[in-house]
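Asker: Sequence and predicted structure below; questions after.
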Amino acid sequence: MRPRARVATMIATGLLAVPVLAACSSDDAGKPAAPPAPARALGPAPAAVPNPPADDSVEAGFARDMRTHHAQAVQMGMMIRDLTQDDATRKLAYDIALTQQEQIGRMASWLQMWGLTLGSTRPVMQWMTPGSMPGHSGHGTPAAGADTQLMPGMATQAQLDKLATLHGKDAEVMFLQLMIAHHEAGVAMAREGEARAQVQQVRDLANTMVVGQSSEIDLMRSMLTERGAG
């Protein structure tokens with residue numbers, strides 16, 4: 001199966017992708033595959049909460065848009081694992097994919113608990129303060145010259161297609177460059193969620209994203225420098 005086809009299949013399975021990601025840790029390279037974990041029942045829907053966030057709230061917009069943004073990070077993380085044998089790059093990619101897949105599931109659970117749909121017809125990024133996102137004018141309207149189908153920081157399909165053709169150091173450099181831009185936009189989104197959300201669990205997760213992704217940005221910049229592409 002081609003790398004992008006396998007990635008699409010894994011993302012489509014949502015939370016069920018987490019055991020698969022864990023099974024391909026770089027720490028297990030060369031070892032026999034562990035038996036698959038037994039399937040877990042999803043269980044009943046979470047109980048509704050009193051006074052849940054509205055469909056047009058910061059909380060709902062943050063959860064929906066961040067899930068979409070995270071999904072591409074998972075995709076790129078799984079792509080690079082097939083394109084390089086570098087342990088540092090593969091470990092970073094695994095950590096990003098596993099962490100962000102877990103957060104995707106957590107935000108989906110919130111939306112279900114709030115009685116809201118996972119998707120929306122509302123313009124993306126509409127929940128953010130105008131001017132708070134570099135490269136985006138706010139209120140769901142992309143800045144001049146931006147790709148109207150993408151959120152800030154997300155790679156284009158042409159960039160993903162090019163990444164899929166590279167191997168070794170070339171693939172590592174492009175992955176790091178794309179993921180730094182992706183993380184920078186994700187941090188801006190998370191800071192906005194942390195500052196404006198009223199639900200404490202949303203603010204807490206947003207803070208976790210700011211801290212974790214900022215640290216990963218620093219690491220990726222140093223990795224680029226090591227590869228002569230700083």
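Answerer: That came in fine, so what should we check first?
Asker: Now do stretch 86-105: distance to the chain's middle.
Answerer: 9 Å (C-alpha atoms, centre = their mean, to the nearest Å).
Asker: just stretch 124-133 next, same as before
Answerer: Put simply, stretch 124-133 sits 18 Å off its chain's centre (C-alpha atoms, centre = their mean).
Asker: Ok, stretch 67-78 next?
Answerer: Chain-centre distance of stretch 67-78: 4 Å, with C-alpha atoms, centre = their mean.
Asker: could I get it in CSV with only the CA atoms?
Answerer: Once non-C-alpha atoms are left out, stretch 67-78 reads as follows in CSV (Å, rounded to 0.1, in the frame of the first residue of the first chain):
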residue,chain,number,x,y,z
ARG,A,67,-9.0,18.7,15.1
THR,A,68,-8.6,19.4,11.4
HIS,A,69,-5.3,21.1,11.9
HIS,A,70,-4.0,18.2,14.0
ALA,A,71,-5.1,15.6,11.5
GLN,A,72,-2.6,16.9,8.9
ALA,A,73,0.2,16.8,11.5
VAL,A,74,-0.6,13.2,12.1
GLN,A,75,-0.6,12.6,8.4
MET,A,76,2.8,14.2,7.9
GLY,A,77,4.2,12.4,10.9
MET,A,78,3.2,9.0,9.5
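Asker: in that stretch, what counts as buried?
Answerer: The neighbour-count check on stretch 67-78 (16 or more other C-beta atoms under 10 Å) flags 67, 69-78 as buried. C-beta: built from backbone N, CA, C; applies to glycine.
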